[in-house]
Structures are given as structure tokens and as C-alpha cells.
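K.L.:
Sharing a model prediction with you, sequence too.
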Amino acid sequence: MVKYTGSMTTVGNSQAIRFEKSFFQALKLTALTPAHFSASILPSGQILLSVERSEPEFEEAEAPYLEAFLGFIEKSFLAAPEKRLVPVAEEITAAAKRFADAVPAVSDDAEFPDDVI
């Protein structure tokens with residue numbers, strides 16, 4: 001377990017807890033990541049802090065990066081389509097289908113072990 005430190009501060013009319021940047025990096029949260037937190041005070045006096053991740057809307061969170069990437073790909077394809085676009089061999093398509101069919105379906109409500117991301 002990694003321990004992070006924070007300090008109490010005032011933000012506007014509210015009290016807040018400020019954590020070091022590595023705390024948010026460990027949670028893979030950036031300033032652009034929409035996230036809310038909830039806190040529970042345990043009988044021992046410890047606090048259980050939980051992050052409530054919300055799925056960002058595609059246009060808001062990813063569009064600038066995606067648009068830049070797709071623009072790069074488009075320019076590359078238009079410059080030399082004969083070098084960039086090649087048909088996929090039927091054997092590869094068949095192998096991909098066999099592989100996909102071998103993976104068992106999982107319910108959206110399924111619980112995964114902690115080591116599965």
C-alpha cells in the first residue's frame with residue numbers, strides 16, 4: 001500500500017483536502033478527467049475515499065486528440081493510397097474470426113479479479 005499525504009485548505013467558501021500530484025497520477029486522473037470523490041468516516045476515525053469515475057463524453061474528452069490523429073492518418077493515406085491501403089488476406093480474417101469466437105462472452109455486470117484491468 002502506498003501512502004499519500006494531503007493538507008486542509010480553503011477553496012472559495014468550502015474546506016478542501018489537497019493531495020500531492022502523485023496521488024492523482026496513481027489513480028490515472030488528470031486535470032481533464034471528470035471525476036468526483038466520496039468519503040466515508042470509518043468507526044476507527046480513518047477516512048475511506050472513493051473515486052467515482054464518470055465516463056467522459058466522447059466529443060469533450062477525446063475529440064481534439066482523435067481529430068489530430070485522424071487528420072495525420074488521412075493526410076498519409078491521401079499522399080500515397082496504393083502504399084497505405086492493402087486488402088486483408090482472407091486467412092487473416094478467418095483466423096481473427098476463430099480467435100474472436102473462442103473468447104467467451106462476459107456480462108456487463110461481471111466482477112473481475114483485481115489484477116484484470
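P.N.:
Thanks, I have the structure now.

K.L.:
Okay, and the residue lying farthest from the centre of the chain sits in which element?
P.N.:
Computed with C-alpha atoms, centre = their mean, the maximum C-alpha offset from the centroid of the chain is found at Glu82, amounting to 35.1 Å. Secondary-structure assignment from DSSP states H and E places Glu82 in helix 81-84.

K.L.:
What residues sit buried inside stretch 64-84?
P.N.:
By neighbour count with 16 or more other C-beta atoms under 10 Å, stretch 64-84 contains no buried residues. All C-beta atoms are positioned from the backbone trio N, CA, C, and that covers glycine.

K.L.:
quick one on the thing from earlier: what does the average pLDDT come to for the helix holding Glu82?
P.N.:
Taken as a whole, helix 81-84 has a mean pLDDT of 79.

K.L.:
Ok, stretch 51-67 next?
P.N.:
64.

K.L.:
Okay, helices next: where are they in this structure?
P.N.:
For the chain, helices defined by DSSP state H occupy the ranges 21-26, 58-61, 63-79, 81-84, 90-102.

K.L.:
Now distance to Asn13 too, for those helices, in a markdown table please.
P.N.:
Written out in a markdown table, the entries for those read as follows (distance: least, C-beta to C-beta, whole Å):
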| stretch | distance to Asn13 |
| --- | --- |
| helix 21-26 | 24 |
| helix 58-61 | 27 |
| helix 63-79 | 33 |
| helix 81-84 | 56 |
| helix 90-102 | 54 |
